[in-house]
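Student: build the 3D model from these lines:
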Amino acid sequence: MTVRVSSLVLALLGLGCSPLPPEVMEPSDGGQSASTTGTDSAALTGGNNPATTSAATGDGTLTGTGAYSGTSSISATTSTSAADSTGEQGCTPAACVGQVCLEGDCVSVASCRVLEELDEGDVLPSGVYQLEASDGSTYPAYCDMDYSGGGWTLVLKALGSSPTFAWDSPLWSNAATFNTASPDLDRVEARLASWSEVSFDEVLIGMEAPIGADPSPIDLNVAVITTSDSSLFDLMAPGDYVSTNLGRSAWLGLIDDSSLQQQCNREGFNVESDVGSIDDAVAQRIGIIANEFNGCGLADSRLGIGGLSGTTVMANCSVSGDPTGNFAGCDPRVASVNIPAFAVVFVR
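Tutor: Next up is the predicted model:
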């Protein structure tokens, strides 16, 4: 995955785990408040030509700025593999099944952030790693090990017009995984066990429009929201509105040539307009909605992941009902905008 931010370029090419030492890898209103900071609107390019090993898969390059300053303590277990034929100690892919080979040890970690904190030598590239769930089982998830300090755990991938992550999908209210056989950074929709397993202080949203085709690199614009919870499932499943203050400019920066009406600008998680009828509503599970009038009663535009445009809004404003992307109409300044997008959500 490649991020282009300002003039700083930090390129890192992902490889598999190898032994001794490893070369592997605007204003918001109402609802619950989430503390947020500014964003990096950057273009990320993701590679999806994985080299499979027992510990990690995936390759790509990532560039970016910023440094990680988390609050969680490191929680990991390590076990040194059996000595090899020369009597030296060191991990091997065969010995690290369900774990990560790091500087001679087989390491079990609960998140990519923990893995990044343990990786003092910065030898681990972005790729798919095995993470340990709360019940002791393991599951694969893509870890971005470079952007803004690395340690980002992939949670979900949503595709434009697909109903998988539509506003009314049960996936927003349950802990079930979806398509876990596709944990890599590609354009295959999925929701990984990290949805209910990984706690976080930050949420990274990335969107690609127009949507490319695998195996071409993924070109994402990104924004980072600072908010904490024990998991995205715990944050979103109750269905309560959680406000953020990322700002309309940052949301618009996620999609080139995007548009929103000028008023309302309600943003965050589980965002809905103030109407009684679903036919007149717009909503976005993760994103922002806007209106041409004061207030959010008759909002007609939205941008984000997992959205809804009511039938009246679609008909009167010439907007699509696709769940993910930017869909805006009834704005006298510009023509209606309908831009489906591919989206990813990471946590750290």
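
Student: and the helix or strand containing Ala223, what does it pack against?
Tutor: Ala223 is part of strand 218-229 when elements are defined by DSSP states H and E. Helices and strands touching strand 218-229, as assessed by 3 or more Cβ pairs under 8 Å, 6 or more residues apart in numbering; DSSP states H and E, comprise strand 43-46, strand 200-208. Every residue, glycine included, has its C-beta placed from N, CA and C.

Student: among those strands, which gets the worst mean confidence?
Tutor: Ranked by mean pLDDT, these bottom out at strand 43-46, which scores a mean of 42.

Student: before we move on, what's the pLDDT of the closest residue to Cys91 other than its chain neighbours?
Tutor: The spatially closest residue to Cys91, leaving aside those adjacent along the chain, is Cys101, at 4.0 Å (Cβ to Cβ, 6 or more residues apart in numbering). Reported pLDDT at Cys101 in the predicted model: 89.

Student: residues near Cys101, how many?
Tutor: One way to gauge burial is a neighbour count; for Cys101, by other Cβ atoms under 10 Å, it gives 31.

Student: correct me if wrong, but it is in a strand.
Tutor: Yes. Note on Cys101: a strand contains this position according to DSSP: H, G, I helix; E, B strand; the rest coil.

Student: beta-bridge partners for it, please?
Tutor: Here Cys101 sits in beta bridges with Cys106, going by DSSP bridges.

Student: what about it, distance to Thr92?
Tutor: 7 Å (Cβ to Cβ, to the nearest Å).

Student: cool, Phe346 as well?
Tutor: Summarising the geometry, the distance separating Phe346 from Thr92, computed by Cβ to Cβ, is 29 Å.

Student: also Asp322?
Tutor: With distances taken as Cβ to Cβ, Asp322 is found 47 Å from Thr92.

Student: got it, and Thr153?
Tutor: Taking Cβ to Cβ as the criterion, Thr153 is separated from Thr92 by 25 Å.

Student: neighbour-wise, which of the two wins?
Tutor: Each of Thr153 and Thr92 has its neighbours counted (other Cβ under 10 Å); Thr153 has more, 28 against 18.

Student: show me what contacts that one?
Tutor: Contact criterion Cβ atoms under 8 Å, 6 or more residues apart in numbering gives 111-113, 131, 141-143, 194, 198, 200, 346-348 as the residues in contact with Thr153.

Student: do the same with Gly160
Tutor: When the contact criterion is Cβ under 8 Å, 6+ apart, the partners of Gly160 are Ile211, Asp322, Pro323, Thr324, Gly325, Pro340, Ala341, Phe342.

Student: also Thr177?
Tutor: By Cβ under 8 Å, 6+ apart, the contact list for Thr177 reads Arg191, Leu192, Ala193, Trp195.

Student: max pairwise distance over the residues you listed: which two?
Tutor: Put simply, by Cβ to Cβ the two of these set farthest apart are Arg191 and Ala193, 8.6 Å from each other.

Student: those two: who's more crowded?
Tutor: Regarding Arg191 and Ala193, a neighbour count based on other Cβ under 10 Å identifies Arg191 as having more, with 25 against 22.

Student: now do that one against Pro332, distance only.
Tutor: Counting by Cβ to Cβ - Arg191 and Pro332 are separated by 39 Å.

Student: with Asp274 instead?
Tutor: For Asp274, the distance to Pro332 under the criterion Cβ to Cβ works out to 22 Å.

Student: could you dump the helix or strand harbouring Leu154 to PDB, C-alpha only?
Tutor: When secondary structure is defined using DSSP H and E, the element that contains Leu154 is strand 152-159. Taking C-alpha atoms only, strand 152-159 is exported to PDB below (Å, rounded to 0.1, in the frame of the first residue of the first chain):
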ATOM      1  CA  TRP A 152      -3.100  -0.300  11.900                       C
ATOM      2  CA  THR A 153      -5.400  -3.400  12.000                       C
ATOM      3  CA  LEU A 154      -7.800  -3.900   9.000                       C
ATOM      4  CA  VAL A 155     -11.400  -4.300  10.100                       C
ATOM      5  CA  LEU A 156     -13.600  -4.200   7.000                       C
ATOM      6  CA  LYS A 157     -13.700  -3.600   3.300                       C
ATOM      7  CA  ALA A 158     -16.800  -2.300   1.600                       C
ATOM      8  CA  LEU A 159     -17.500  -2.000  -2.100                       C
END
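
Student: quick one: strands adjacent to it?
Tutor: Within its sheet, and counting by DSSP bridges, strand 152-159 is paired with strand 138-144 (antiparallel), strand 190-191 (antiparallel), strand 342-347 (antiparallel).

Student: which residues touch Ser258?
Tutor: The contact partners of Ser258, taken as Cβ under 8 Å, 6+ apart, are Leu252, Leu303, Asn326, Ala328, Val337, Ile339.
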